[in-house]
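Novice: what shape does this take:
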Amino acid sequence: MSNAVTAQQNKFNPHLLFWCVFLAAIMVFIGIFKAVLLPFVLGIAVAYLLDPVVEKITCKYLPRWAASALILLVFYVSFTVALLLALPHIATEAKALAQNIPNYLDHVWGYIKDKQNTYLSFIDEDAIAQLKQAAEKNSAQILKVGSNLFTHVINGGSAIINLASLFVLAPIISFFMMKDWDNMVDWIDRLIPRSYYKTVKQLQSDINTKISGFVRGQILIAFTLGLIYAFALLIAGLNYGILIGFVAGLLSIIPLLGSITGLIISVAVAWFQSGDLIYMAVIAAIFLVGQFVEGNILTPKFLGKNVGMHPLWILFSIMAGAQLYGILGMLIAVPIAASAAILINFALSEYQKSAFFKQNASPETAGSKTAKKTAGKTTRKKAANKKTATKKAASKSTTKKSTTKTKK
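Specialist: Next up is the predicted model:
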């Protein structure tokens, strides 16, 4: 058995080599062409998200190309209108927030100085002054970088061209992908090796369920939470309420991150705005209620129990994607993370079925299994002996009775 396991370990696996080379080739391809891949990735993502809607409305009187065009038109028009309505308010509030940051810093330093004699007497005044100077310097640099970036985007001809090409090419790519989606799926299906067809199709189904469920569901959750936070903060009279709600909703793509970030920022702004503890509690309650709604209503409805991913895994994947490929990497990070989770679970399952895993069981485990088997055999043997003895006793009793009758 040991020799068989050793031979299996040393056996060359061409399939593993193929998939490693294939994965490396994809990474190199993305790295080389990442500057032009963004419209294609966005177009494919939109087509993937809207394909179920196209499938439902496609019929004999409405061909697939017409259904694709109709759905895309409604989607992009709605998105553009929402963007045009929201952006002016968000830009106004962002500009006001940037202008008030120095005032907020002065407020913080004044509060610290008031409490220094009572609670912070161990902190030197020079240290506080240096900390204030460093914070003001860094905040000024952040504002300067943001202003320069905005100016570069507005004045840079190449940036405008790239942005325009993104909005022009993405809908076109989405249309052709949606129109030919079934044909592409059939083409990929014919390339699957027949010996591994069932396994590959099962993995494909699991990955599709994970990606479609999580991405569609999490986008709906983030959008709903953004609306809830923005309207609630606006009604509560919090400064920059729409901006904070938008940021919290956007960050809710990563579970918990949006609510926690929005809670901290909104409570801080409420403190700067009024300093009233009751008002701060009301603002905090908005995010606590939003978190309750997300966990008990939105997540079960849009995600279910089997398609979620751990927040740390999502956060790591987005940060890794941003580090490797920038914005493009952030867009493809979540689908890759979902696919990797399915493949890792499958690999672990296959490993636990392998002879290598079973052969390397610990001696204690093997000893306990042997002891259990021996105990079971002994128990069954005792039961069988007891049953045999009972039968013999019954037989003797019957023989004795028959002999007594004969004598009489």
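
Novice: for G241, grab the count of nearby residues.
Specialist: Neighbourhood size, G241 [other Cβ atoms under 10 Å]: 23. From N, CA and C alone the C-beta is placed, and that goes for glycine too.

Novice: does it touch L233 like I think?
Specialist: Yes: taking contacts as Cβ atoms under 8 Å, G241 lies within contact range of L233: 3.1 Å.

Novice: need the overlap of contacts for the two.
Specialist: By Cβ atoms under 8 Å, 6 or more residues apart in numbering, G241 and L233 have these common neighbours: S266.

Novice: any idea of the mean pLDDT in the lengthiest helix in the chain?
Specialist: The longest helix of the chain (DSSP state H) is helix 64-116. Helix 64-116 shows a mean pLDDT of 81.

Novice: which other helices and strands contact the helix or strand harbouring A24?
Specialist: For A24, the element it lies in under DSSP states H and E is helix 14-57. Packed against helix 14-57 by the contact rule (3 or more Cβ pairs under 8 Å, 6 or more residues apart in numbering; DSSP states H and E) you find helix 64-116, helix 157-179, helix 181-190, helix 197-236, helix 311-325, helix 327-353.

Novice: for F18, find the nearest of those helices.
Specialist: With Cβ to Cβ as the criterion, F18 lies closest to helix 197-236 of the helices and strands packed on helix 14-57, at 13.3 Å.

Novice: and the next element down the chain from the closest one?
Specialist: Counting by DSSP H and E, what follows helix 197-236 is helix 241-251.

Novice: what angle separates that next one from helix 197-236?
Specialist: Helix 241-251 and helix 197-236 are oriented at 170 degrees to each other (axes from the mean of the first three to the mean of the last three Cα atoms, to 10 degrees).

Novice: which residues are contacting helix 241-251?
Specialist: So helix 241-251 is contacted by 86, 89-90, 93-94, 97, 222-234, 238, 257-259, 261-262, 265-266, 269, 287 (Cβ under 8 Å, 6+ apart).

Novice: pull the CA atoms of it into PDB?
Specialist: C-alpha atoms of helix 241-251 as PDB (Å, rounded to 0.1, in the frame of the first residue of the first chain):
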ATOM      1  CA  GLY A 241     -25.800  63.100   4.500                       C
ATOM      2  CA  ILE A 242     -26.100  62.200   0.900                       C
ATOM      3  CA  LEU A 243     -22.300  61.900   0.500                       C
ATOM      4  CA  ILE A 244     -22.000  59.700   3.600                       C
ATOM      5  CA  GLY A 245     -24.900  57.500   2.500                       C
ATOM      6  CA  PHE A 246     -23.400  57.100  -1.000                       C
ATOM      7  CA  VAL A 247     -20.000  56.100   0.400                       C
ATOM      8  CA  ALA A 248     -21.500  53.700   3.000                       C
ATOM      9  CA  GLY A 249     -23.600  52.100   0.300                       C
ATOM     10  CA  LEU A 250     -20.700  51.800  -2.100                       C
ATOM     11  CA  LEU A 251     -18.500  50.200   0.600                       C
END
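
Novice: cool, thanks, talk later.
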